[in-house]
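> Return a 3D structure for these sequence lines:
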Amino acid sequence: MNQSEKFTNRELSWLAFNERVLSEAKDKHIPLMERLKFLSITASNLDEFFMIRVASLKDQVNAGYTKKDISGMTSAEQIDAILKVTHKFAQAQYNTYNRSFLPALKKAGLKIVTEYEKLTEEQADYVDTYFQQEVFPVLTPMAVDSSRPFPLIRNKSLNIGALLMDKKKKDTIDFATVQVPSVLPRVVPIPSDKDKCTTIILLEQIIEKNIQKLFMNYKVLCATPFRVMRNADLTIDEDEAADLLIEIEKQLKKRQWGEAIRLEVEDGIDKRLLKILRKELKLGEDAIFKINGPLDLTFLMKVYGLEGFDHLKEEKYTPQQPKMLEPGRNLFEQIREHDILLHHPYESFDPVVNFVRMAASDPDVLAIKQTLYRVSSNSPIIASLAQAAENGKQVSVLVELKARFDEENNIVWARKLEKAGCHVIYGLVGLKTHSKITLVVRKEEDGIRRYVHLGTGNYNDSTAKLYTDMGMFTCKPRYGEDATAVFNMLSGYSEPLAWNKLSLAPLWLRDKFLSLINREREHAANGRSARIIAKMNSLCDPGIIEALYDASAAGVEIDLIVRGICCLRAGIPGLSENIRVRSIVGTFLEHSRIFYFSNNGSPEYYMGSADWMPRNLDKRVEILFPVEDPVLQEEIRNILDIQLADTKKAHLLMPDGTYVKVDQRGKTPLNSQMYFCDQAKNHSQK
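Next up, the predicted model:
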């Protein structure tokens, strides 16, 4: 086996993950509206993939970059392979939508209008009135001729393209376009017909059928929706940027007008209209997706939100009181007694919010320091940090301005915090700060005590209800010393000579992981017990994968729980026969990073912010922290064992690179996410 055959291409592995999401949309054991959400997620996932990953590959091709990736593919070859897969994937998406969802929704009492002509007279009158009163005043039709150049089509915007013929000059055909306004609801309820269904129509259908009213002196020959995906990757020279915040603001404006990467059009588009779009957007045939249905299936999330269909949804889960915390008791007191483990979203994120809120108002707290990567649009943590500064405490906050697609939100928060008197840091040049850490310094009777929260997920109270993550509170002195060193490094570029407990990327973390893996390999090679269990979002680092292969060859039993990208090939004789990989795709997005090393009967447990990817290990500030309390270790091992026993939401990686659902024959049905929900509920009810 040559070197490239030992690895799966990263981008194709990601596309395989999106296929697993689509498989949830197809699963008829899942309530219909929940399946609808999964189909919507496949569309938003694919948008981001093109805007970032495909765009990056296009940049490489344009720059003449020909180096092959770890799977032996050049950038051009990867783009070709991606487009072949995504064309088939889009077909599968719309087969699911047209053949499965539309009939099932109609049967359930929700009709999505597919043919405008089949509206009843009452419905047609309603839609025409709605267009005239609500839509028409907002629209801006844009014609193209010798005096008006082709307009800039915004990234991800939905548009109607049209060909027009001047009623006076019938030998001339012009192009025109109108953007479907995002300020208006895309999903428009209309009066029901005789069967009493809830009936909805999409905004672009209303505009398309009334487009003649926008061009009164022309005959509209054809009109079709289209949508452009552009390169949205930011290129920032941080060394040259006098003010990173201002430079990112400039780059954000350019994101709307990056190079066109993909064009979506309705199937059956007029060839003349398509030719104009192709020419103006400079796209090849393989970058054009002819869609048999409504463009941009993310509208299905709005359909999910329609009232009256709760019976087609899963019961909404409410995060429970964490079992390691006593309600009503002072949080600082409880942390002093023992380390505390939090398991989100099964257990509430409120203790983390309250940790910062209490620190902000506690007169004994002297300082609060925190890293923020992604926060919610109305973050209570931001409000508490601002309040703490106004209360005279030392508040230092690292706001990562380069958090992709959250840049604008983070700029707003950075300015608010600065205005409140916080010391705001924008991170290290050339590195994203992805670590999740909060330090509270408190003056107590026996001296200064440092309270630390470390986590695997963002300080985002909204996503904490949707993502599975782990967190730990501790006030053990050696963790506190390391936390202080982390913030000193971030604010003053002061690198400690050694760490007590924490391991940080980009300087120390790779070596730490390799050391832990190689120790298991040595145990196995010497006949001692050896096992690795690792849970993460993505695995594509060649060095880590090679170390895992070596460990497998030595006899280490390795179980990997990898939600998304996995470039490792599992179960290959002579290479990875002792490695098993599973991906869990369920109601919640699996996001936690947990690592277990059996160490010949003296097991070690770690959690952290980093996946096993080159960017996490080499280009980001990440934190790995040990979990040493035996009670917490037992809890973590239980979490890993339950996920390894999942028979309902787990997909197993096969030696040929495909994923298959677990064969449930002879096995006890187990949905690990629902198990944790029930476990948390049962504890709260005691």
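
> what does the longest helix belonging to the chain rub up against?
In the chain, assigned by DSSP state H, the helix with the most residues is helix 75-95. Under the contact criterion CB atoms under 8 Å, 6 or more residues apart in numbering, helix 75-95 has outside partners 9, 11-12, 15, 18-19, 22, 39, 42-43, 46, 54, 57-58, 60-61, 65-66, 69, 73, 286-287, 289, 291-293, 297. All C-beta spots, glycine's among them, are computed from the backbone N, C-alpha and C.

> Now, the residues you listed that are in strands?
Phe289, Ile291 (DSSP state E).

> Could you turn the buried ones of the contacts of helix 75-95 into a ChimeraX selection?
Restricted to buried positions by 16 or more other CB atoms under 10 Å, the ChimeraX selection for those reads:
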select :9,11,12,15,18,19,22,39,42,43,46,54,57,58,60,69,73,287,289,291,293,297
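
> in the stretch 51-200 of the chain, what spans have low per-residue confidence?
For the stretch 51-200 of the chain, applying pLDDT under 70 flags the ranges 146-147, 193-195.

> how many other residues sit next to Lys107?
11 (other CB atoms under 10 Å).

> Any figure for the gap between it and Asn210?
30 Å (CB to CB, to the nearest Å).

> Help me confirm that Ala389 comes into contact with Val424.
No. With contact defined as CB atoms under 8 Å, Ala389 does not count as touching Val424 (10.1 Å).

> Mind listing the shared neighbours of the two?
Common neighbours of Ala389 and Val424 (CB under 8 Å, 6+ apart) are Leu417.

> before we move on, back to that, beyond the longest helix of the chain, next helix or strand please.
helix 102-107 (DSSP states H and E).

> Would you mind listing the outside residues contacting that following helix?
Under CB under 8 Å, 6+ apart, the answer for helix 102-107 is Leu32, Leu36, Lys111, Ile112, Thr114, Cys197.

> Just the buried residues out of those residues, in ChimeraX syntax.
Remark: buried members of the contacts of helix 102-107, expressed as a ChimeraX selection using 16+ other CB under 10 Å:
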select :32,36,111,112,197
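
> what helix or strand does the residue lying farthest from the centre of the chain sit in?
The C-alpha centroid of the chain is most remote from Lys168, which lies 52.6 Å away (CA atoms, centre = their mean). Under the criterion DSSP H and E, no helix or strand holds Lys168.

> between the contacts of helix 102-107, which is nearest Thr474?
Minimum distance to Thr474 across the contacts of helix 102-107 is 41.7 Å, recorded for Leu36 (CB to CB).

> how close does the closest residue to that closest one other than its chain neighbours sit to His338?
Nearest non-adjacent residue to Leu36, counting by CB to CB, 6 or more residues apart in numbering: Leu300, 4.9 Å away. Distance, Leu300 to His338, by CB to CB: 45 Å.

> Next secondary structure after the lowest-mean-pLDDT helix or strand in the chain?
One helix or strand of the chain scores below all others by mean pLDDT, DSSP states H and E: helix 244-255, with a mean of 57. Proceeding N to C from helix 244-255, the next assigned helix or strand is strand 260-266, under DSSP H and E.

> and the angle for that following strand with helix 75-95?
20 degrees (axes from the mean of the first three to the mean of the last three CA atoms, to 10 degrees).

> remind me which residues of the protein are low pLDDT?
146-147, 193-195, 234-257, 402-406, 493.

> In it, where's the longest strand?
Longest strand in the chain, counting by DSSP E: strand 218-230.

> just checking, what packs against that one?
strand 158-166, strand 173-179, helix 203-209, strand 260-266, helix 271-281 (3 or more CB pairs under 8 Å, 6 or more residues apart in numbering; DSSP states H and E).

> Between the ones you listed, which one is closest to Glu546.
Of those, nearest to Glu546 by CB to CB is strand 260-266, at 32.7 Å.

> What residues does the residue nearest the centre of the chain make contact with?
Taking CA atoms, centre = their mean, the centroid of the chain lies closest to Asn45, which sits 7.6 Å from it. Counting by CB under 8 Å, 6+ apart, Asn45 touches Asn18, Val21.

> again with Asn292
Gln91, Tyr94, Asn98, Asp267.

> cutoff 10 Å now
Asn292 makes contacts with Ala90, Gln91, Gln93, Tyr94, Asn95, Tyr97, Asn98, Glu266, Asp267, Gly268, as judged by CB atoms under 10 Å, 6 or more residues apart in numbering.

> Next, give me the two most distant ones among these.
So, those by CB to CB: farthest apart are Gln93 and Gly268, at 17.7 Å.

> More neighbours: these two, which one.
Using other CB under 10 Å as the criterion, Gln93 and Gly268 rank with Gln93 on top: 22 against 10.

> any idea how far that one is from Phe299?
In terms of CB to CB, Gln93 sits 13 Å off from Phe299.

> what sits in contact with each of these two?
Common neighbours of Gln93 and Phe299 (criterion: CB under 10 Å, 6+ apart): Ala43.

> all helices in the stretch 1-150 of the chain, in order from the N-terminus.
10-26, 32-48, 55-62, 75-95, 102-107, 121-130 (DSSP state H, counting those that start in this stretch).

> can I get those helices in TSV with distance to Tyr346?
Converted to TSV, those look like this (distance: least, CB to CB, whole Å):
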stretch	distance to Tyr346
helix 10-26	20
helix 32-48	18
helix 55-62	36
helix 75-95	31
helix 102-107	30
helix 121-130	44
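
> Of those, which is nearest Ser552?
Short answer: helix 10-26, nearest of the helices of the stretch 1-150 of the chain by CB to CB, at 18.9 Å.

> buried sites along whichever helix or strand Phe595 is part of?
Following DSSP H and E, one finds Phe595 within strand 594-597. For strand 594-597, the neighbour count (16+ other CB under 10 Å) marks Ile594, Phe595, Tyr596, Phe597 as buried.

> That concludes my questions; thank you for your assistance.
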